[in-house]
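>>> I'd like to go over a predicted model; first the sequence, then the structure.
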Amino acid sequence: MAGINALLLLLAVGVTIAILVPGHRSSYRLGEEGVVLLLALVLVVLLNFLLLRRVVRPLQQLTTLARTVDLNDPRPRPPDAEPNSEAGELALTFNEMLARLRAERREATGRVLAGQEAERLRIAQELHDQVGQELTAVLLLLSRVYSRAPEALRPAVLDAQNSVRAALEDVRRIAIELRPEALDDLGLESALAVLCDRFAERTGLEVSCEIAPQLPSLSPETELVIYRVAQEALTNVARHSGSERAELRVQDDDGHILLTVCDRGRGLGGDQLAGSGIRGMRERAALIGATVDVRNRPSGGSEVRLAIPLAMGQ
């Protein structure tokens, strides 16, 4: 760049000196010499403009990328720049910094989510072992009280039994939602089937669950991400969609494991696209190199799509 500008400058200076030097004789008339000088200057400006545009374009692309980059998106988007140029060096440095930030964010998010899962497990065990057993003991005590109570008090004791029984069911449901036992004991397919059945029973929605047979073997971390994203997506359907039906599918497609949760409701608004639930799904997906795409369907309703590369999920 500097060499080309130096040559252009020498050319312009040479033409100017050749025209304006005292005693100069030329086969051109004075007006023609002015035109030559003007053309030389225009050529210098034009070539500088083209060179600067070539140099500045990668910088503009880099600026646009810096403003729109998403650390939760594992897909690289390097700007287009020549590797041996200053812009290329800057783009390479930016990509290295971006990769380092993504790795640090994945590590930090992984520690936070691992801590959350450990705390979920502890609370689930406390609910099951302590609160659940105490409520069971209260239920047995009320049964004995009911058998000895006067006839006038039995309806009240029966109401108390029903309330304790309902509380016990709520405790068990919360414990299962905190840490899915089926995922640990029976695997992903059974855990998702249980999730859909319990979700339909609790919300009254019709939930279909389609899981492709003979899915590749997945790591426990990948299975947990699939389960949590499915859980959050179904919860969003119940809270926001207004739909009476939800569909969950897991399939193996062209080197990816795809989880799709869709509904036939009112679709997503702008505030829902930026909600904490969707951000949480994307953060979990980024831990295993996966992506989450949330969009409105052309036929109506919304769709959550989790794509996991098999090379990252095994």
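Arrived safely.
>>> C-alpha from now on. contacts and neighbour counts both.
Fine.
>>> OK, contacts around the residue nearest to residue 138 when sequence neighbours are not counted?
Closest residue in space to residue 138, ignoring its immediate chain neighbours: residue 164 at 7.6 Å, by Cα to Cα, 6 or more residues apart in numbering. Applying Cα atoms under 8 Å, 6 or more residues apart in numbering to residue 164 gives the contacts 135, 138-139.
>>> Let's see which of the residues you listed end up in helices.
Among the contacts of residue 164, the members falling in helices are 135, 138-139 (criterion: DSSP state H).
>>> my read: residue 249 touches residue 213, true?
No: using Cα atoms under 8 Å, residue 249 makes no contact with residue 213, being 11.5 Å away.
>>> Pick out whichever of the two has more residues nearby.
Neighbour count, other Cα atoms under 10 Å: between residue 249 and residue 213, residue 249 has more, with 17 against 10.
>>> now the more buried one: how far from residue 193?
11 Å (Cα to Cα, to the nearest Å).
>>> Could you export the contacts of residue 164 as TSV, including distance to residue 293, neighbour count and pLDDT?
Listed next are these as TSV, based on distance: Cα to Cα, whole Å; neighbours: other Cα atoms under 10 Å; pLDDT from 0 to 100:
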residue	distance to residue 293	neighbour count	pLDDT
135	42	17	88
138	47	16	90
139	47	19	88
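>>> Columns distance to residue 62 on top of those residues, output as TSV?
Formatted as TSV, those follow (distance: Cα to Cα, whole Å):
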residue	distance to residue 62
135	61
138	66
139	66
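>>> Just the closest of the residues you listed to residue 170, please.
Nearest to residue 170 among the contacts of residue 164: residue 135, at 11.1 Å, using Cα to Cα.
>>> where does the helix ranked longest in the chain sit relative to the chain's centre, distance-wise?
The longest helix of the chain (DSSP H) is helix 86-126. Helix 86-126 has its C-alpha centroid displaced from the chain centroid by 12 Å (Cα atoms, centre = their mean, to the nearest Å).
>>> Which strands or helices does it pack on?
Applying 3 or more Cα pairs under 8 Å, 6 or more residues apart in numbering; DSSP states H and E, one finds that helix 86-126 makes contact with helix 30-68, helix 154-178, helix 276-287.
>>> Single out the most deeply packed of those.
helix 276-287 (a mean of 20; mean count of other Cα atoms under 10 Å).
>>> quick check: angle from that helix to helix 86-126?
110 degrees (axes from the mean of the first three to the mean of the last three Cα atoms, to 10 degrees).
>>> elements contacting the following helix or strand past helix 276-287?
Sequence order places strand 291-296 as the next helix or strand after helix 276-287, per DSSP states H and E. Where contact means 3+ Cα pairs under 8 Å, 6+ apart, strand 291-296 is packed against helix 276-287, strand 302-309.
>>> Would you pull up how far strand 291-296 lies from the middle of the chain?
With Cα atoms, centre = their mean, you get 8 Å for strand 291-296.
>>> pLDDT averaged over it - what is it?
In this model, strand 291-296 has a mean pLDDT of 88.
>>> Give me the angle between it and helix 276-287.
Going by the same axes, to 10 degrees, strand 291-296 is angled at 150 degrees with respect to helix 276-287.
>>> Show me what strand 291-296 is in contact with.
If you take Cα under 8 Å, 6+ apart as the criterion, strand 291-296 is touched by 73-74, 267-268, 273, 278, 281-282, 285, 302-308.
>>> hmm, which two among these are most spread apart?
For the contacts of strand 291-296, and using Cα to Cα, no pair is farther apart than 74 and 267, which are 26.3 Å apart.
>>> what about the two, which has more around it?
Using other Cα under 10 Å as the criterion, residue 74 and residue 267 rank with residue 267 on top: 21 against 18.
>>> Quick check: phi and psi at the more buried one.
phi 90, psi -180 (degrees, to the nearest 10).
>>> What degree of burial does the spatially closest residue to it that is not a sequence neighbour show, as a neighbour count?
Among residues not flanking residue 267 along the chain, residue 301 sits closest, at 4.3 Å (Cα to Cα, 6+ apart). Residues lying near residue 301 (other Cα under 10 Å) number 20.
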